[in-house]
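Asks: Let me see the structure of the following:
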Amino acid sequence: MSTSSRPPRLVLAHVSLAASAAALALLSGCGLEVGPNEPASNEELAGDPSPRAMSDLAIDIDEANTDAARVIVLPPTFSFVIDAGGPHAVLAPSVPESWGVGPIMHAEGDFLIVARQDVDPSALPADLASREGDAMTVYGADGRACAARLGTFSLVRRAYLDEESELDEAELEAGLGANDEPRTKDEIAEEAWDVAADAAPGRTMLVAKLDGLTGCDRPTWAHATRTPPALSFVPARDAAVNGATALEAFRALASYRTIQSTYDLAREELSPDDEETLALLEASPRWETFRDAEPTTTSLRDARSGREIVIVRAEVGDMCGDVFGGQLEAVFERDAARGTLIPRIERALDWSTTTAVLDVDGDGALDVLVGEALLLDAESADPRIVDIEAEYEGCSC
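Replies: Predicted coordinates:
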């Protein structure tokens, strides 16, 4: 896709002051930390890079969360990876509960409870059942690529323990039920299964164990080795853009200047009597270095196309009542011919961790993995979102 035909980039910013907050919804972003190894070679990842159409992923996540019968299947070019008693690939974020058979079992966790159930093989569609044994390329949080195979299938639901839940954390630690009677982790998992169903009826996931996986630190996503995504950006050790150039482009963004204006206004309107706070703000003329913070720059490259992107992140304050808090992440693409950086995505970090930049559906636009949400065409003003994050109603602070 040419530069001129790209959709308008998404612009989001997050800034807060002690008594107020201006935060826009988290919709997109991208990034990987530099890892020790390059991913598998093109030969190792050889295969048909063209996934099937992903129109079935153009969903409203609230609708999916309330439709227990909805089936949403991910293409072989992308799977979330979650911990369900070991790393598991999510093949379908939403499947009918009727695909399960046998008792509910505790798979993982004492705060985020992961409950699992065996799968009735006869209930699976042929295209899903045939994936058992598939060779997979799995990516850790550091960008390292590792090999695995799809093993046993399970259904999974997840639920947090918090004040809104029927579960009680202290009760779990003590192994006691409501009447101070011992209960097993599997009994706790049964309750978590029901709590998860009440919170998000359409969030029963079909997962497959990643057999033989070693050397991947905190695996986050995977694809069938025979079917890589059309684009997959990984850490670039010989980046053509230096940090100073990236920071200059970052500071030229309108969203950056908005946060800077808020920061300047905070200093101007602060009472001279508040000497400690004033000293904090005046110690740095720029918001991104408040409290000695430093923005980070990461360069990524797609091995097959040679496209290079640069991510600049800045996050200051704790956003939970600090004197000042600001968050911004920007994704630039390097114009190799001109040597300039073209803004693609700007977003509020909003506590999320961005873990992958890729093109799952082969349309040339950037798709991103932010925490446990996949944003398709993240550069647009209305990206399609597939979100598997467990519902949490407690306070993030």
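
Asks: Let's see stretch 191-200 as CSV, backbone CA atoms only.
Replies: Only the C-alpha atoms of stretch 191-200 are listed here, as CSV (Å, rounded to 0.1, in the frame of the first residue of the first chain):
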residue,chain,number,x,y,z
GLU,A,191,-17.0,-21.5,40.5
ALA,A,192,-14.6,-19.5,38.4
TRP,A,193,-16.0,-21.1,35.3
ASP,A,194,-19.5,-19.8,36.2
VAL,A,195,-18.2,-16.4,37.2
ALA,A,196,-16.5,-16.0,33.9
ALA,A,197,-19.7,-17.0,32.0
ASP,A,198,-21.6,-14.4,33.8
ALA,A,199,-19.0,-11.7,33.1
ALA,A,200,-18.6,-12.6,29.4
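
Asks: Alpha carbons of the helix or strand hosting W221, in CSV - could you do that?
Replies: Element membership of W221 [criterion: DSSP states H and E] is strand 219-224. C-alpha atoms of strand 219-224 as CSV (Å, rounded to 0.1, in the frame of the first residue of the first chain):
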residue,chain,number,x,y,z
PRO,A,219,5.4,-16.2,25.0
THR,A,220,2.7,-13.8,23.7
TRP,A,221,1.7,-14.9,20.2
ALA,A,222,2.3,-17.6,17.6
HIS,A,223,1.5,-18.6,14.0
ALA,A,224,1.5,-21.8,12.1
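
Asks: what element comes up after that strand heading to the C-terminus?
Replies: Next helix or strand after strand 219-224 toward the C-terminus (DSSP H and E): strand 231-235.

Asks: Can you list the strands that that following strand pairs with?
Replies: Next to strand 231-235 in the sheet, as set by DSSP bridges, lie strand 296-302 (antiparallel), strand 354-359 (antiparallel).

Asks: among those strands, which gets the worst mean confidence?
Replies: The weakest mean pLDDT among the strands paired with strand 231-235 belongs to strand 354-359, with a mean of 86.

Asks: By residue count, what's the longest strand in the chain?
Replies: strand 145-160 (DSSP state E).

Asks: what is the mean pLDDT for that one?
Replies: 94.

Asks: Could you tell me the angle between that strand and strand 231-235?
Replies: Here strand 145-160 runs at an angle of 100 degrees relative to strand 231-235 (axes from the mean of the first three to the mean of the last three C-alpha atoms, to 10 degrees).

Asks: For stretch 235-243, measure first residue to last.
Replies: In stretch 235-243, first residue to last residue: 15 Å (C-alpha to C-alpha, to the nearest Å).

Asks: With stretch 77-91 instead?
Replies: OK, stretch 77-91 end separation, C-alpha to C-alpha: 10 Å.

Asks: List the buried residues of the helix or strand that E346 is a member of.
Replies: According to DSSP H and E, E346 maps onto strand 340-347. Neighbour-count burial for strand 340-347 flags 341, 343-347 (criterion: 16 or more other C-beta atoms under 10 Å). (Each C-beta comes from the backbone N, C-alpha and C, glycine too.)

Asks: which secondary structure elements does the strand holding W221 contact?
Replies: strand 79-83, strand 135-140, strand 354-359 (3 or more C-beta pairs under 8 Å, 6 or more residues apart in numbering; DSSP states H and E).

Asks: Can I get the first one as CSV, trimmed to CA atoms?
Replies: By that I understand strand 79-83. What follows is strand 79-83, C-alpha atoms only, in CSV (Å, rounded to 0.1, in the frame of the first residue of the first chain):
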residue,chain,number,x,y,z
SER,A,79,-2.9,-17.0,17.7
PHE,A,80,-2.8,-15.4,21.2
VAL,A,81,-0.7,-17.4,23.7
ILE,A,82,-1.9,-17.6,27.2
ASP,A,83,-0.9,-19.5,30.4
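
Asks: For this structure, just list every one of the helices.
Replies: Assignment of helices within the chain using DSSP state H yields the ranges 61-65, 126-129, 169-174, 185-199, 243-251, 254-269, 275-282.

Asks: For V312, which of those helices is the nearest?
Replies: Smallest distance to V312 across these (C-beta to C-beta): 4.2 Å, for helix 243-251.

Asks: Measure how the closest one sits relative to helix 254-269, angle-wise.
Replies: Going by the same axes, to 10 degrees, helix 243-251 makes 80 degrees with helix 254-269.

Asks: which secondary element of the protein has the worst mean pLDDT?
Replies: Within the chain, no helix or strand scores below strand 20-23, which has a mean of 24 by mean pLDDT, DSSP states H and E.

Asks: ok so, going back, and the strands paired with strand 231-235, which is most packed in?
Replies: Among the strands paired with strand 231-235, strand 354-359 has the highest mean neighbour count (mean count of other C-beta atoms under 10 Å), at a mean of 25.

Asks: how much space between the residue lying closest to W193 once chain neighbours are set aside and V386?
Replies: Counting by C-beta to C-beta, 6 or more residues apart in numbering, W193 lies nearest to A115, which is 4.4 Å off, once chain neighbours are set aside. To V386, A115 is 21 Å away according to C-beta to C-beta, to the nearest Å.
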